[in-house]
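Engineer: Quick one, what's the 3D model for this:
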Amino acid sequence: MTSQLTRAIGMSVALLIAGAATAQESENRVAANTDWSVFVEGDPTECWGVSAPKESTYTRDGQSVSARTDPPHLFVFYRPAEGVTGQVAYTGGYAFAGGSTVSLAVGDTTFDLFTEGAWAWPATPEDDARIVAAMKGGAEAVVAGRSGRGTVVTHKFSLLGFTASVDEAARRCAG
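Structural biologist: Modelled structure (predicted):
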C-alpha cells in the first residue's frame, strides 16, 4: 500500500506538470519521432515521451456512442531527482469508474493499470519496465477503460517512434 501511495503522490506532481506541458507544447517539446514527442521541464527535472491516440471508440451496452473527452495521452516519464525511470501513465480524458482498472494491450500481452480520476498507471516500477519493453517491441498499444457513466472508451496508439522518444527522454534526464 505504501508504494501505491508513493506512486500516487508522484503521479499527482507528474500530472500537474503534464497538464502544463500539454498547454505549452511549443515551448517544452524538444523532439518529435513519428507519432511520439519528447518534452523536457526544468533543468531538466522531468522528461517524457507522449503520444495521442490514432483511433478512439466509445461504446455503451455494446452500442457505439459519441462522447466528449479531454485530449487522451499515453506518457512515459523520467524524473531523476525522484529515481523515476520510465513511469507509464495514461489519461483517457474522462473520469474512470471508481475502483476500475484500465487495460493496456501490446500484441498478445495485456497489463492492468490502476485508476484515479482521469489517470491510470501501473502498480509498480517493475510493471512500468515490462510495459515499456513490450511497447518497444510492438506496433500498437490499445488502452481500454470504463467511464463513470459506463461508457467503454478504447484508444489505439501507434508505437512508431516510441523507442526513439523514450530513449531520448531517458537520455535528456540521465543526470
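
Engineer: Output the below-cut-off pLDDT ranges for this protein.
Structural biologist: When residues are selected by pLDDT under 70, those of the chain lie in 1-27, 31, 44, 175.

Engineer: What ranges does it have for its strands?
Structural biologist: 29-33, 36-41, 46-51, 55-60, 63-64, 73-79, 84-91, 101-106, 109-116, 119-121, 140-146, 152-158 (DSSP state E).

Engineer: Run a quick neighbour tally on the residue lying closest to Pro71 once chain neighbours are set aside.
Structural biologist: Closest residue to Pro71 apart from its sequence neighbours, by C-beta to C-beta, 6 or more residues apart in numbering: Gly93 at 5.7 Å. (Glycine included, C-beta is placed from N, CA and C.) The number of residues packed near Gly93 is 19, by other C-beta atoms under 10 Å.

Engineer: which residues sit in contact with Gly93?
Structural biologist: 69-72, 118 (C-beta atoms under 8 Å, 6 or more residues apart in numbering).

Engineer: which among those residues gets closest to Arg172?
Structural biologist: Pro71 (23.4 Å; C-beta to C-beta).

Engineer: So what does that closest one have for phi and psi?
Structural biologist: phi -60, psi 130 (degrees, to the nearest 10).

Engineer: Could you report the separation of the nearest residue to Lys136 once chain neighbours are set aside from Thr34?
Structural biologist: In space, and not counting its chain neighbours, Lys136 is closest to Thr163: 4.8 Å by C-beta to C-beta, 6+ apart. From Thr163 over to Thr34 the distance is 10 Å, taken as C-beta to C-beta, to the nearest Å.

Engineer: same check, this time on Ala164
Structural biologist: Taking C-beta to C-beta, one finds Ala164 at 8 Å from Thr34.

Engineer: In terms of packing, which of those two has more residues around it?
Structural biologist: Ala164 (17 against 13).

Engineer: ok so, going back, weed out the non-buried ones from the contacts of Gly93.
Structural biologist: Buried by 16 or more other C-beta atoms under 10 Å: 69, 72, 118, out of those.
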